[in-house]
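Participant: Below is the sequence, then the predicted model.
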Amino acid sequence: MSDTLQLETRGNVLLITLNRPEARNAMDFETATALAAAIDRLEADDTLALAVLTGAGGTFCSGMDLKGFLAGKRPSLPGRGFGGLTEAPPRKVLIAAVEGYALAGGFELALACDLIVASRAAKFGLPEVKRGLVAAAGGLMRLPRRVPYHVAMEYALTGDMMSAEAAHAYGLVNRLAEPGQALDGALALAAAVGANGPLAVATSKRIVAESADWSNEEMFERQRPLVAPVLASSDAREGAAAFAEKRKPVWTGK
C-alpha cells in the first residue's frame, strides 16, 4: 500500500483516505494503484460491509496530478479507470465524504460512489474544459444521470464550480454536514447501511444501478434472478427470525 493512501477499519467499514494533502490529494499513478488494491481488499474481505472514501487535509481530491500527466504517468488503470475506480466501482457500497474541493477527476471519483456526504463549504466541478481537456472519467456521463440535463450541461461546458448546497438541492449530495464534519456524517450513514444484510444491500445496489435502462416489459424478469438467491439465503431466514425474536440479526453474508 502506498504512503499516499491510508486504510483504517471502523467495525465493518473500511475507511480509505487519500493522503496527499500537500497536493490537495491530486491523483497520481501510485495512489490510483493503491486505491485499486484497497477496493480489492473491500471486495475480498467478508468482514467489511462497505467503505468510505475521503481525503486528508480538508480536501477530497483536486483531480489528476498534472505533473504526473506531463511526465506521461496518467493515474488510470486498464479496465478500472481514473483512480482505479471510475470504470469499475465495487460490488459493495462506497460512500464519499467530501470536504473542500472535489474537482475534475476528484468529482468523478465522488460520482462513482453510491452515496455522497459533503461539507456545506465543499465545491464540486468539472473544470477540464478550462485546461483544454475533457472529463473522460465518467463525469460527462454520470452527472446528467444525477442532475437535470441543462444543469449538467452548464457545469460541463463552463467548468464552473457547484456549491454543496446546490448539489444537495439537485439531489446529487445525500447529506450535508458542517465544515469538518463530512467524515462523521459519512460514517453515520455507513453505520445505517452496514447494519443491514450484506447480500440484500449488494443486490439492492445492483438493481438500482442497472435497472435504469430496463424496459417496463422486462424489468421484473431481469430482477428475478438477482433477488432469488437473496430470498433463499441464510441471511433472509436470520432477518425474519431476528424480527420475530425481537433481537438484532447476526449476518453471515450467506
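Facilitator: Nice, thanks for sending it over.

Participant: Check what pLDDT the closest residue to R145 other than its chain neighbours gets.
Facilitator: Spatial nearest neighbour of R145, excluding adjacent residues (CB to CB, 6 or more residues apart in numbering): A212 at 7.2 Å. C-betas here are computed from N, CA, C, even on glycine. Note for A212: predicted pLDDT of 90.

Participant: Any regions of this protein where pLDDT drops low?
Facilitator: Low-confidence regions of the chain, defined by pLDDT under 70, span residues 1.

Participant: so what secondary structure elements neighbour the lengthiest helix in it?
Facilitator: In the chain, taking DSSP state H as the definition, the longest helix is helix 29-44. With contacts taken as 3 or more CB pairs under 8 Å, 6 or more residues apart in numbering; DSSP states H and E, helix 29-44 sits against strand 5-10, strand 13-18, strand 50-55, strand 76-77.

Participant: 10 Å instead?
Facilitator: strand 5-10, strand 13-18, strand 50-55, helix 66-70, strand 76-77, strand 81-82, strand 93-98 (3 or more CB pairs under 10 Å, 6 or more residues apart in numbering; DSSP states H and E).

Participant: With distance to V201 and mean neighbour count as new columns, can those be given to me in TSV?
Facilitator: Listed next are the helices and strands packed on helix 29-44 as TSV, based on distance: least, CB to CB, whole Å; neighbours: other CB atoms under 10 Å:
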stretch	distance to V201	mean neighbour count
strand 5-10	17	14
strand 13-18	13	23
strand 50-55	8	25
helix 66-70	35	14
strand 76-77	26	20
strand 81-82	23	26
strand 93-98	6	27
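
Participant: Only the buried residues of the longest helix of the chain, if you could.
Facilitator: Using 16 or more other CB atoms under 10 Å as the test for burial, helix 29-44 gives F29, E30, T31, A32, T33, A34, L35, A36, A38, I39, R41, L42.

Participant: ok, those vs G79, which is closest?
Facilitator: A36 (9.8 Å; CB to CB).

Participant: How about the contacts made by the closest one?
Facilitator: The neighbours of A36, taking CB atoms under 10 Å, 6 or more residues apart in numbering as the test, are L77, G79, R80, G81, G83, G84, L85, A88.

Participant: The residue nearest to R145: what secondary structure?
Facilitator: What DSSP: H, G, I helix; E, B strand; the rest coil gives for A212 is helix.

Participant: Which of the buried residues of helix 29-44 sits closest to N12?
Facilitator: L42 (10.7 Å).

Participant: ok, the closest one to R142 distance?
Facilitator: Going from L42 to R142 by CB to CB, to the nearest Å gives 20 Å.

Participant: ok so, going back, adding distance to A242, write the helices and strands packed on helix 29-44 out as JSON lines.
Facilitator: Below are the helices and strands packed on helix 29-44 laid out as JSON lines (distance: least, CB to CB, whole Å):
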{"stretch": "strand 5-10", "distance to A242": "23"}
{"stretch": "strand 13-18", "distance to A242": "21"}
{"stretch": "strand 50-55", "distance to A242": "20"}
{"stretch": "helix 66-70", "distance to A242": "50"}
{"stretch": "strand 76-77", "distance to A242": "41"}
{"stretch": "strand 81-82", "distance to A242": "39"}
{"stretch": "strand 93-98", "distance to A242": "21"}
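
Participant: Which of those sits closest to G105?
Facilitator: strand 81-82 (4.8 Å).

Participant: The closest one pairs with which strands?
Facilitator: strand 76-77 (antiparallel) (DSSP bridges).
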